[in-house]
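Participant: A structural model of the following input is requested.
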Amino acid sequence: MSQKIPATVITGFLGAGKTSLIRNLIENANGKKLALIINEFGDLGVDGDVLKGCGNENCTEEDIVELANGCICCTVADDFLPTIQQLLDRDDKPDHIIVETSGLALPKPLVKAFGWPEVRTQVTVDGVVTVIDGPAYQDGLFAADPAAVQEQREQDENLDHDSPLEELFEDQLNCADMIILNKADLLDDASIEAATNTLKNRIKPSVKMVKTSHGQIDARVLLGLEAAAEDDLDTRPSVHDDADDHEHDDFDSFVLEMAEVPSPAELIKKLEAAIAAEGILRIKGFVAVAGKEMRLVLQGVGNRIQHYFDRDWEDGETRATRLVIIGEHDMDQAAVTGIIKG
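Facilitator: Model (predicted):
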């Protein structure tokens, strides 16, 4: 174990706070040299660009690799394994590898990939960390009894009776060595206790659970779990164990490009209207605000939209607004575009 480079797989549903968690980890790595593999869903490398903006010597731009060719669990051989090999071939090997999966990725196929002969002699999965959006969970986005939710759906002919989101959430819980209940600052004590109790009933007793706000966690807590997850697959059941792979036809994404916006408030008002009308799951990207020299980072899940200025626009960089919009497969992209640009 001590001869291998540890790798931490960070998974979680859309907007749970994985990127915030990793950014905080970079800034508080206690001297560890980190390498990041970021798996985007969509055509715009938002998460990678946000992390590259940290400017930390423990994790430079050269240490951040983005995989934008689809869900990482579906492109293991083509993308993930060559990327790992490139990191291992470097003279300045990282002390720890962090893999951020997209919100749609199944963690177990990725963990299996670390068991491949060319990888397992040099890298071990230190732990699988699942990040949960505390308020979303509290709102019943993922119920404690998925069977009851499915039964309720089947009784309503107007609802989609398939439940890929619930199955994905179950897989992320079942594969985890640590659960991060994020955005705890948005919950009261009773809600936190209720969420913690229901989650404990859904995970193995050995799985650790930590409450965080804004993804702030000590690196000594997150790293060094020593789970060797690639050798422990039998205790990580998946509802997709009998399937060769999984489909992402239930989701669509597109990039919406615009010029400068008059103000963040005006843009958010339009985004909220689009979310309400078209059932958008996730929005993330960068915004150019008229009269502002700094770039605005925007992240939204459900009807909760957060934004902050991260850095000045660089010389030669096009001041433009670019947003990745992720929604269900029947999302009307033209309608979404019309509402936001209108």
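Participant: what sits against Ser191?
Facilitator: Applying C-beta atoms under 8 Å, 6 or more residues apart in numbering to Ser191 gives the contacts 134, 138. In this view, the C-beta of every residue, glycine as well, is placed from N, C-alpha and C.
Participant: Quickly find the element holding it.
Facilitator: Taking DSSP states H and E as the criterion, Ser191 maps to helix 189-200.
Participant: same deal with Ala334?
Facilitator: Secondary structure (DSSP H and E) places Ala334 in helix 333-341.
Participant: If we go by neighbour counts, what in the helix holding Ser191 is buried?
Facilitator: 191-192, 195, 199 (16 or more other C-beta atoms under 10 Å).
Participant: Put the alpha carbons of it into PDB.
Facilitator: Output of helix 189-200 as PDB, limited to C-alpha atoms (Å, rounded to 0.1, in the frame of the first residue of the first chain):
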ATOM      1  CA  ASP A 189     -30.200  20.900  13.500                       C
ATOM      2  CA  ALA A 190     -33.400  18.800  13.300                       C
ATOM      3  CA  SER A 191     -33.100  18.500   9.500                       C
ATOM      4  CA  ILE A 192     -29.400  17.500   9.700                       C
ATOM      5  CA  GLU A 193     -30.300  14.800  12.300                       C
ATOM      6  CA  ALA A 194     -33.200  13.500  10.100                       C
ATOM      7  CA  ALA A 195     -31.000  13.400   7.000                       C
ATOM      8  CA  THR A 196     -28.200  11.700   8.800                       C
ATOM      9  CA  ASN A 197     -30.500   9.000  10.300                       C
ATOM     10  CA  THR A 198     -32.100   8.100   7.000                       C
ATOM     11  CA  LEU A 199     -28.700   8.000   5.200                       C
ATOM     12  CA  LYS A 200     -27.300   5.700   7.900                       C
END
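Participant: Closest to Thr235 out of the buried residues of helix 189-200?
Facilitator: Nearest to Thr235 out of the buried residues of helix 189-200 is Leu199 (C-beta to C-beta; 17.6 Å).
Participant: avg pLDDT for the helix holding Ser191?
Facilitator: Mean per-residue pLDDT for helix 189-200: 92.
Participant: try stretch 105-119
Facilitator: 81.
Participant: Could you tell me which residues within it count as buried?
Facilitator: For stretch 105-119, a neighbour-count test (16+ other C-beta under 10 Å) marks 105-114, 116, 119 as buried.
Participant: okay, those residues in JSON lines with secondary structure and distance to Glu293 next?
Facilitator: Output for the buried residues of stretch 105-119, formatted as JSON lines (DSSP: H, G, I helix; E, B strand; the rest coil; distance: C-beta to C-beta, whole Å):
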{"residue": "Ala105", "secondary structure": "coil", "distance to Glu293": "36"}
{"residue": "Leu106", "secondary structure": "coil", "distance to Glu293": "42"}
{"residue": "Pro107", "secondary structure": "helix", "distance to Glu293": "40"}
{"residue": "Lys108", "secondary structure": "helix", "distance to Glu293": "45"}
{"residue": "Pro109", "secondary structure": "helix", "distance to Glu293": "44"}
{"residue": "Leu110", "secondary structure": "helix", "distance to Glu293": "40"}
{"residue": "Val111", "secondary structure": "helix", "distance to Glu293": "44"}
{"residue": "Lys112", "secondary structure": "helix", "distance to Glu293": "47"}
{"residue": "Ala113", "secondary structure": "helix", "distance to Glu293": "43"}
{"residue": "Phe114", "secondary structure": "coil", "distance to Glu293": "44"}
{"residue": "Trp116", "secondary structure": "coil", "distance to Glu293": "47"}
{"residue": "Val119", "secondary structure": "helix", "distance to Glu293": "44"}
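Participant: Can you show me the helices along the stretch 151-300 of the chain?
Facilitator: Counting by DSSP state H, counting those that start in this stretch, the stretch 151-300 of the chain has helices at residues 164-174, 189-200, 219-222, 264-278.
Participant: what packs against the longest one?
Facilitator: What it means is helix 264-278. strand 280-287, strand 294-301, strand 304-312, helix 333-341 (3 or more C-beta pairs under 8 Å, 6 or more residues apart in numbering; DSSP states H and E).
Participant: What average pLDDT does that helix get?
Facilitator: So the average pLDDT for helix 264-278 ends up being 91.
Participant: how far out from the middle of the chain is it?
Facilitator: 22 Å (C-alpha atoms, centre = their mean, to the nearest Å).
Participant: Likewise for the first one?
Facilitator: Centroid displacement of helix 164-174 relative to its chain, using C-alpha atoms, centre = their mean, is 14 Å.
Participant: So which other helices or strands are in contact with that helix?
Facilitator: Applying 3+ C-beta pairs under 8 Å, 6+ apart, we find helix 164-174 packed against helix 107-113, helix 146-154.
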